[in-house]
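[1] Show me how the following folds:
(one chain, ligands or ions: 2)
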Amino acid sequence: MERTLGIIKPNSVNNNHVGKILAIGEEAGLKIVEMKMKKLTKEEAGGFYAEHKERPFYQSLVNFMTSGPVVLLVWEGNGAVEKWRQVMGATDPAKAAPGTIRKLFADSIEANSVHGSDSAASANRETEFFFH
Ligand code: UDP
Ligand code: MG
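    Ligands and ions are numbered 1, 2, ... in the order given. The predicted model follows:
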């Protein structure tokens, strides 16, 4: 069984889409094994996205991710990393496939509703970062 970190971003918490997003993950065969709601600090959001520090969107992303509470969760299932990435859809909602979370709920490429770890190694690191 694999685990992956998911985040429901501030736009989707604010838009009352938490339940629908969780349902999409569950219907894909993933199980919630940890979950909490939290307003991230700049230090947490900045540290979490440290790999993007040199990118032009970094400061705006940190501001967005701290603009309201998020839902942090750990999904478990066979191929959980890839499965959650599949149901999330592409980073840019304009390029996301029909029926994906980002196509359904994203407000912009920044406010794209969800995060998902991009590899098993990232999943371990990100799960540690928020839960252990
Ligand atoms: N992002 C952005 N502008 C961009 C690319 C990414 O604001 O041009 C934001 C967006 O919220 C994205 C996050 O930065 O989810 C992390 O980017 P990454 O490339 O890791 O995309 P993801 O793994 O979330 O699909
Ligand atoms: Mg990423």
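[2] Residue 16 looks like it's in a helix, true?
    No - assessed with DSSP: H, G, I helix; E, B strand; the rest coil, residue 16 is coil; it does not lie in a helix.
[3] Neighbours of it, how many?
    8 (other C-beta atoms under 10 Å). Any C-beta I mention is one placed from the backbone N, CA and C, and that applies to glycine too.
[4] and it, what are its phi and psi?
    Backbone torsions of residue 16, given as degrees, to the nearest 10, read phi 60, psi 40.
[5] ranges for the strands of the chain?
    2-8, 31-38, 70-77, 114-116 (DSSP state E).
[6] Of all the ones you listed, which one is nearest residue 54?
    strand 114-116 (19.2 Å; C-beta to C-beta).
[7] Tell me where this protein has helices.
    For the chain, the helices defined by DSSP state H cover 10-14, 18-27, 42-48, 58-65, 80-88, 101-105, 120-131.
[8] now these as CSV including mean neighbour count?
    Formatted as CSV, the helices of the chain follow (neighbours: other C-beta atoms under 10 Å):
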stretch, mean neighbour count
helix 10-14, 20
helix 18-27, 16
helix 42-48, 16
helix 58-65, 16
helix 80-88, 20
helix 101-105, 21
helix 120-131, 16
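[9] ok, the spatially closest residue to residue 112 that is not a sequence neighbour - contacts?
    Excluding the flanking residues, the one nearest residue 112 by C-beta to C-beta, 6 or more residues apart in numbering is residue 106, at 4.2 Å. Applying C-beta atoms under 8 Å, 6 or more residues apart in numbering, one finds that residue 106 lies in contact with 11, 93, 96, 112, 113.
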